[in-house]
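**Student:** can you look at this prediction? I've put the sequence above it.
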Amino acid sequence: MTKAELIDAVAEETEQTKREVATVVDAVLEHIKKALQKGDKVQLIPFGSFEVRDRKKREGRNPKTGEKLTIPARKVPAFHAGKDLRDSVNKGKKR
């Protein structure tokens with residue numbers, strides 16, 4: 001599902017205009033991004049949570065030349081699905 005498809009679906013379900021829904025979706029995403037930039041964790045219970053994780057510096061290789069190189073440490077955004085989301089994805093599947 002693309003962002004446009006999400007906006008269409010929410011607009012239809014809530015009987016709001018696509019423009020209004022797009023504004024809300026953009027605002028939500030922007031606030032999540034700003035919180036992560038500050039290092040805050042964003043919890044959307046029971047959907048899941050967004051957080052920033054630290055990646056350590058590591059050794060890698062240039063795929064073209066095979067030359068060793070150091071990949072610097074950095075921060076990466078991560079999403080952890082909540083129980084409700086995990087259960088809904090696995091609903092109906094046999095284990």
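**Tutor:** Arrived safely, thanks for sending. Numbers count the residues shown, from 1 in each chain.
**Student:** do you know the pLDDT at the spatially most central residue of the chain?
**Tutor:** The structure's the chain has its C-alpha centroid closest to F79; by Cα atoms, centre = their mean the separation is 5.4 Å. For F79, the model assigns a pLDDT of 97.
**Student:** ok, now G92?
**Tutor:** Taking G92 on its own, its pLDDT is 63.
**Student:** re earlier: and the helix or strand hosting the residue nearest to the centre of the chain, what does it pack against?
**Tutor:** F79 belongs to strand 74-81 when assigned by DSSP states H and E. Secondary-structure packing of strand 74-81 (3 or more Cβ pairs under 8 Å, 6 or more residues apart in numbering; DSSP states H and E): strand 48-55. C-betas here are computed from N, CA, C, even on glycine.
**Student:** just checking, next helix/strand downstream of the strand it packs on?
**Tutor:** Downstream of strand 48-55 (by DSSP H and E), the next one is strand 58-61.
**Student:** contacts for that next one?
**Tutor:** E67, K68, L69, T70, I71 (Cβ atoms under 8 Å, 6 or more residues apart in numbering).
**Student:** which helix in this protein has the most residues?
**Tutor:** For the chain, the helix that runs over the most residues, judged by DSSP state H, is helix 18-37.
**Student:** one step back: okay, the angle between the strand holding F79 and strand 48-55?
**Tutor:** On the basis of axes from the mean of the first three to the mean of the last three Cα atoms, to 10 degrees, strand 74-81 is oriented at 150 degrees to strand 48-55.
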